[in-house]
Each structure stands twice: as C-alpha cells, then as structure tokens.
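Novice: Dropping a prediction and its sequence here:
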Amino acid sequence: MLVPPHDPDASLSALLDAALLDQTHLQPSPRTRCSAPTLHSACHSSPSTPQEPDASLSSLLDAALLDPEFLNYRPSATAAAALYTHRLRRGDTPPWPAALALLTGWAGGVEQDAELAAAVGGMQR
C-alpha cells in the first residue's frame, strides 16, 4: 500500500521497506509490495557498477542507528540520506531522481535542503 506523498516519514518508510527487501532478496509483504511503476523503478533500478558489500543500504541504516549524530535529524531525513548515499555509491544517476523526490516528499534534494544535506554528509563519513 502506498502512502500519500504529503507524509515524508510514512512514504519514505514504505520505500525503504521495499528497497531493503530488494537488497536482502526477501519476498515483500502485502504492505510493502511495489505497486506503482515509479516506486518499482526507484526500488529496483540496476546499478551501473558492482555493489560493494559495505555499501549496502542495510549497513548504512545500521551505522546510522549507532551514530548519535543522526538523533539530530528527522527519521525521514536519515532514511533519505541512506538511500541517497546508497544510490550514489552504486553509481545510479541521478542519485535522487524525480520519482524518489515525489514519493518521499524530499523534493528539494540535497542541494536545497540543509537537513538532508547534513544527514547525507554524516552518512558519507
């Protein structure tokens, strides 16, 4: 089930659930099944370069859970930063496509949102 894009935390949560399932090769539950074409392409885009094990989305999220810096950011900013960093490391272009901006509510992207830019900076350390 897709959540309306006016709630960045809820819609990004559904997107990250689907992305994590894609990373772990698990079958999605009915709640997280990619049903919209734009969500499907955002979740299942193929990387341009081989993925390194330490660059996985789940490892980025695990690291963010252990880093007190991320207590300064909203959960949606932390999740978006992890997804942005993951796509950047995979070589996906653009790292934050319009489909993700629309689905997550982070339409300004890293260039226009200071909180998201700071979270991405923390994620890349």
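Specialist: Okay, I see it.
Novice: Can you tell me the SS state at Leu65?
Specialist: Under DSSP: H, G, I helix; E, B strand; the rest coil, Leu65 falls in the helix class.
Novice: and the gap between it and Leu71?
Specialist: 10 Å (C-beta to C-beta, to the nearest Å). Placement of C-beta: from N, CA and C, glycine included.
Novice: go on, Arg89?
Specialist: 24 Å.
Novice: quick one, which of these two is more surrounded?
Specialist: Arg89 (19 against 8; other C-beta atoms under 10 Å).
Novice: What ranges in the protein fall below the confidence cut-off?
Specialist: Within the chain, the segments meeting pLDDT under 70 span 1-55.
Novice: What are the boundaries of the helices in it?
Specialist: With DSSP state H, the ranges of helices along the chain come out as 8-24, 37-43, 57-66, 75-90, 98-104, 109-112, 114-123.
Novice: Quick one: work out the angle between the last one and helix 57-66.
Specialist: Counting by axes from the mean of the first three to the mean of the last three C-alpha atoms, to 10 degrees, helix 114-123 lies at 100 degrees to helix 57-66.
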